Each structure stands twice: as structure tokens, then as C-alpha cells.
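Student: fold the stuff below for me.
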Amino acid sequence: HVQLVESGGGSVQAGGSLRLSCEISLYIYSSYCMAWFRQAPGKEREGVAFIQTGSDIALYADSVKDRFTISQDSAKNTAYLQMNSLKPEDTAMYYCAARIGTMCDVRRAYPYWGQGTQVTVS
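Tutor: Predicted coordinates:
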């Protein structure tokens, strides 16, 4: 049973920074992807950032490119999302997700999800 637990959300003023963390409970003896999605009220879920563990190959949505950075610490089974230059439109519930495999983009199915952490930018 795979569990993901996010932390690090909160409220920040525009231009500020936050770092989200996502710890995956089960060590997976293969390559896997970790990703961050977000969903604002009344909007569809958006894939924000994706990373293949072990390779540090990362993908970003255009809306966050050059502002957000996804990274991972394999030893801690944890992924991070560093969010800089935050804008009010970044306000959303942010979810961590994971999938086994090496294809990590938004078109892939992510079967494992965290409970979400709220980010509010004013």
C-alpha cells in the first residue's frame, strides 16, 4: 500500500516563496515518477511538475516554468516543489502523485496520490 504525504503549504504574499514536500511511504525497487498537480476551485486539475527519480529529468507546465523547481531525494523517498515568485493565480490545492515507470509526463496515469496541501497567494 503506497502512501504519499504532502507538507509545506500555507499562505504567502505575491512574490514570495514556498517549498512543498512529499514523502512516499513505500520504497519502490524500480524507476518511478513523482509529480505535483494542482486544482483551484472551479478549474480543472493541472499537472505542474514531473520528475523521474534517479535521473532528475524534470518537466514543467508553461505556467510555472522558470519559477518552480521539482527535485527529489531518493534516500529520503521525498520529492520537493520549490515555488518562487508566487502569483495569486498559483492559489490552489497542490497534490503529490507517483507512478512506477520512466515516462513521467502529464499524459501518464498516476495511481498514487497524496491528500493535498493548500497554497494561497494574496
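Student: going by C-alpha atoms from here, please, whenever you check contacts or count neighbours.
Tutor: Will do.
Student: give the contact list for the spatially most central residue of the chain.
Tutor: With distances taken as C-alpha atoms, centre = their mean, the residue of the chain nearest its centroid is residue 36 (2.2 Å). By C-alpha atoms under 8 Å, 6 or more residues apart in numbering, the contact set of residue 36 is 47-50, 81, 94-97.
Student: a markdown table for these, including neighbour count?
Tutor: Formatted as a markdown table, the contacts of residue 36 follow (neighbours: other C-alpha atoms under 10 Å):
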| residue | neighbour count |
| --- | --- |
| 47 | 20 |
| 48 | 25 |
| 49 | 26 |
| 50 | 29 |
| 81 | 23 |
| 94 | 27 |
| 95 | 26 |
| 96 | 30 |
| 97 | 27 |
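Student: among those residues, which ones are in strands?
Tutor: The strands, defined by DSSP state E, take in 47-50, 81, 94-97 from these.
Student: from residue 120, how far off is the nearest residue to residue 33 once chain neighbours are set aside?
Tutor: Leaving aside its sequence neighbours, residue 33 sits nearest to residue 52 (C-alpha to C-alpha, 6 or more residues apart in numbering; 4.5 Å). As for residue 52, its distance to residue 120 is 27 Å (criterion: C-alpha to C-alpha, to the nearest Å).
Student: counting neighbours, what do you get for the nearest residue to residue 34 once chain neighbours are set aside?
Tutor: With sequence-adjacent residues excluded and distances taken as C-alpha to C-alpha, 6+ apart, residue 34 is closest to residue 98, at 4.5 Å. Residues contacting residue 98 under the criterion other C-alpha atoms under 10 Å number 26.
Student: does residue 98 touch residue 106 like I think?
Tutor: No - using C-alpha atoms under 8 Å, residue 98 makes no contact with residue 106, being 11.4 Å away.
Student: looking at the ones in strands among the contacts of residue 36, which is nearest residue 41?
Tutor: Residue 41 has its nearest neighbour among these in residue 94, at 11.8 Å by C-alpha to C-alpha.
Student: my guess is that closest one contacts residue 37. True?
Tutor: Yes - Residue 94 is within contact range of residue 37, at 5.7 Å (criterion: C-alpha under 8 Å).
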